[in-house]
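[1] Build the 3D model from these lines:
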Amino acid sequence: MKKFLPIMAFILISGCAKQVQTGQELFNKGTSAVEKKDWNDAVINLKEALSKDLTPQQREKAMIMLADAYFKKGDYTDAALEYKEFLNLFPASKYADKALFRLSLCYLQLVKGPQWDQTFTKKALDAINTFIENYPDSPLREKAEQIRKECRKILAEHIVYIGLTYDMLHQFTASIQRYEEARALYSDVEEPDKLLFLIGRAQYFVPMQAEEKIDELKEQLDAEKERLAKAETDEEVKVCDRRISLLLKDIENWQKLADMYRKKGEKNLKTLITKYPNSIYTSKARDILKGSEKVEIFPVENPIKKPFVRWFFETL
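    Take a look at the predicted model:
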């Protein structure tokens, strides 16, 4: 039995050796899988091929095919990593434009929506802006412009969403800043009547916020007056007087703020009614001017859920 062990070991080793494939063989198998649109098999073979010796040209081709295979099978996280690595290693490649374009699409597909963190939206926008700048004559230019518009719309809706959240909390001075930011940065993708309404409504409702703040300040003022009545030293009296003075000043400031913003809000809501008589927000503006204090929260738009995106990917 012992004399057969070396022979069996040799047979096993020989069998294993025959299973080892060269980089060229794996590259060919991966290429064949891509041609057959067998993306899973393509990923397996191309990844292994890249771990072996390939010519520079084969490595370039294998990397872009691997990224494309991930992209086609809907694995946008790995596809983004591969496209980014490809662009780092082969910035002058003839495939660089496609890699940059699809990198932006990968990031866009990783965006959950305007309500969430916008890191991937910003990455998608950066990538597509670079594409448009570097490849102005590309046949993909028109689609790139569409991607840029979608990214900007998501970022705009994100700001609006934050503003609506502040509205819900009656923090209207904070929401005004958000809406004005959206108008300043994204007027090309946000409806002007919508932003005018949101700004005007928030301004008009600042007195509501002011009233709540003043009530809080008055409670603090009463407590401070009680401390003053119990003060036993000149230093304690000075401290209490100082706090009372500051609280009275805050109350006065909120009263002025409420009056100023109410006038601005009234002007903007009337402008909306005149300038956009057919807007869906016009009747809401009229209701507010008639005395309605309803803070209606509108759902933000989620561009990446629209049929546009499905159609867009089908045309690639």
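[2] what residue ranges in the stretch 201-316 of the chain score low on pLDDT?
    Counting by pLDDT under 70, the ranges of the stretch 201-316 of the chain that qualify are 304-316.
[3] go with 50
    Scanning the stretch 201-316 of the chain for pLDDT under 50 picks out the ranges 308, 311.
[4] what ranges do the strands span in it?
    Shown for the stretch 201-316 of the chain, no strands are assigned by DSSP state E, counting those that start in this stretch.
[5] State the number of residues packed around residue 247.
    Using other C-beta atoms under 10 Å, residue 247 has 20 other residues around it. Quick note: C-beta positions are derived from backbone N, CA and C, even for glycine.
[6] Check whether it really touches residue 223, as I assumed.
    No - if you go by C-beta atoms under 8 Å, residue 247 and residue 223 don't touch, sitting 9.7 Å apart.
[7] center of the protein - which residue?
    Of all residues in the chain, the one closest to the mean position by C-alpha atoms, centre = their mean is residue 118, 2.5 Å from it.
[8] how far away is it from residue 75?
    22 Å (C-beta to C-beta, to the nearest Å).
[9] Equivalent analysis for residue 211, please.
    54 Å.
[10] quick one: which of those two has more around it?
    More neighbours surround residue 75 than the other of residue 211 and residue 75, with 17 against 14 (other C-beta under 10 Å).
[11] Mind pulling up the pLDDT for that one?
    Confidence at residue 75, expressed as pLDDT, is 95.
[12] wouldn't the residue nearest to the centre of the chain be in contact with residue 155 here?
    Yes - with contact defined as C-beta under 8 Å, residue 118 reaches residue 155; the gap is 6.0 Å.
[13] quick one on the thing from earlier: what's the closest non-adjacent residue to the residue nearest to the centre of the chain?
    Spatial nearest neighbour of residue 118, excluding adjacent residues (C-beta to C-beta, 6 or more residues apart in numbering): residue 158 at 5.3 Å.
[14] ok, now residue 47?
    The spatial neighbour of residue 47 that comes closest, neighbours along the chain excluded (C-beta to C-beta, 6+ apart), is residue 66 at 6.4 Å.
[15] Please tell me how far that neighbour sits from residue 37.
    Counting by C-beta to C-beta, the gap from residue 66 to residue 37 is 14 Å.
[16] Would you mind telling me which of those two has the busier surroundings?
    Shown here are residue 66 and residue 37; by other C-beta under 10 Å, residue 66 has more neighbours (25 against 11).
[17] ok, that one touching residue 43?
    Yes - if you go by C-beta under 8 Å, residue 66 and residue 43 touch, sitting 6.5 Å apart.
[18] tell me the contacts of the nearest residue in space to residue 147 that is not next to it in sequence?
    Once flanking residues are discounted, residue 147 sits nearest to residue 128: 4.8 Å by C-beta to C-beta, 6+ apart. Applying C-beta atoms under 8 Å, 6 or more residues apart in numbering to residue 128 gives the contacts 101, 104, 144, 147, 148, 151.
[19] name the element residue 128 belongs to?
    Element membership of residue 128, judged by DSSP states H and E, is helix 119-134.
[20] these two touch, right, residue 110 and residue 118?
    No - Residue 110 is not in contact with residue 118 according to C-beta under 8 Å; the separation is 11.1 Å.
[21] Look at residue 114 and give its secondary structure.
    coil (DSSP: H, G, I helix; E, B strand; the rest coil).
[22] Next one, pLDDT for residue 5 please.
    Looking at residue 5, the pLDDT reads 53.
[23] Going along the chain, name the helices of the chain.
    Using DSSP state H, the helices of the chain run over residues 5-19, 23-35, 39-50, 56-72, 76-89, 96-109, 119-134, 141-168, 172-186, 192-204, 206-230, 234-275, 282-289, 307-314.
[24] Could I get these in CSV, plus columns for distance to residue 300?
    Below are these laid out as CSV (distance: least, C-beta to C-beta, whole Å):
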stretch, distance to residue 300
helix 5-19, 55
helix 23-35, 39
helix 39-50, 34
helix 56-72, 28
helix 76-89, 23
helix 96-109, 17
helix 119-134, 13
helix 141-168, 4
helix 172-186, 11
helix 192-204, 11
helix 206-230, 22
helix 234-275, 20
helix 282-289, 17
helix 307-314, 16
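[25] And the ones you listed: which comes nearest residue 297?
    helix 141-168 (5.3 Å; C-beta to C-beta).
[26] per-residue confidence at residue 23?
    For residue 23, pLDDT reads 77.
[27] I'd guessed it sits against residue 46; true?
    No - look at residue 23 against residue 46 with C-beta under 8 Å: they stay out of range, at 10.5 Å.
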